[in-house]
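Participant: coordinates for the following, if possible.
(one chain, ligands or ions: 1)
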Amino acid sequence: MIQRESTRQGVIVASLWRKIRKTGRVAEPAPDKPVPDNTTVQSTAAELGGSVQIRHVDAGSCNGCEVEIASAFGPVYDAERYGARLVASPRHADALVVTGPVTRNMEVALRRTFEAVPQPRLVVALGDCARNCGVFAGAYGVAGSVADVVPVDVEVAGCPPRPEAIVAALRGLTGR
Ligand code: SF4
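Facilitator: Below is the predicted model:
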């Protein structure tokens, strides 16, 4: 019985390897390597040594930016190949990626999350809402842009930004 089960698993593994060989690499070619013009980003990227652990904070997004972040970390754009990795706690992070305008309910939470990230740390304002409140500018529940609450080092434009732009910005953080 045990032998039959291990034979079946062997067949499954062999068929999986055949499929992987046949499919090949699906990731997009690397986008241009950006050269950050911000000296804080350059020096912090050098200190981080080629990898960056990222805590994502949704400060009030419509979730459009989250869809593109998921795509940037999926198998096609594969941001992890440049040393960028999403983590579950700000205490494990080197950088915050913040989406959405900062709503009044998230203002204190964002500030506390920023303070929980060990130094040196970077903040990316991802998407037009994070940069300047975008379509939500002037809304009664919006406290301001990300830069109104915490210092921002890198901005990624777009509503939402394309995965290529997200990957390019993250490459700027890792220096890879
Ligand atoms: S930038 Fe656009 S996609 Fe992103 S949170 Fe704002 S409205 Fe949504």
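Participant: mind checking how far residue 140 is from residue 84?
Facilitator: Applying C-beta to C-beta, to the nearest Å, the value for residue 140 to residue 84 is 35 Å. (C-beta placed from N, C-alpha, C; glycine too.)
Participant: report the contact partners of residue 3.
Facilitator: For residue 3, no residue meets the contact criterion (C-beta atoms under 8 Å, 6 or more residues apart in numbering).
Participant: which strand or helix spans it?
Facilitator: Using DSSP states H and E, residue 3 sits in helix 2-23.
Participant: restricting to C-alpha, output that helix in CSV.
Facilitator: C-alpha atoms of helix 2-23 as CSV (Å, rounded to 0.1, in the frame of the first residue of the first chain):
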residue,chain,number,x,y,z
ILE,A,2,2.8,2.4,1.0
GLN,A,3,4.8,1.4,-2.0
ARG,A,4,1.8,2.1,-4.3
GLU,A,5,1.4,5.5,-2.8
SER,A,6,5.0,6.5,-3.2
THR,A,7,4.9,5.3,-6.9
ARG,A,8,1.9,7.4,-7.5
GLN,A,9,3.7,10.5,-5.9
GLY,A,10,6.7,9.7,-8.1
VAL,A,11,4.6,9.8,-11.2
ILE,A,12,3.0,13.1,-10.2
VAL,A,13,6.4,14.7,-9.5
ALA,A,14,7.8,13.5,-12.8
SER,A,15,4.8,14.9,-14.7
LEU,A,16,5.2,18.2,-12.8
TRP,A,17,8.9,18.4,-13.8
ARG,A,18,7.9,17.7,-17.4
LYS,A,19,5.4,20.5,-17.3
ILE,A,20,7.9,22.9,-15.8
ARG,A,21,10.5,22.1,-18.4
LYS,A,22,8.0,22.5,-21.2
THR,A,23,6.6,25.8,-19.9
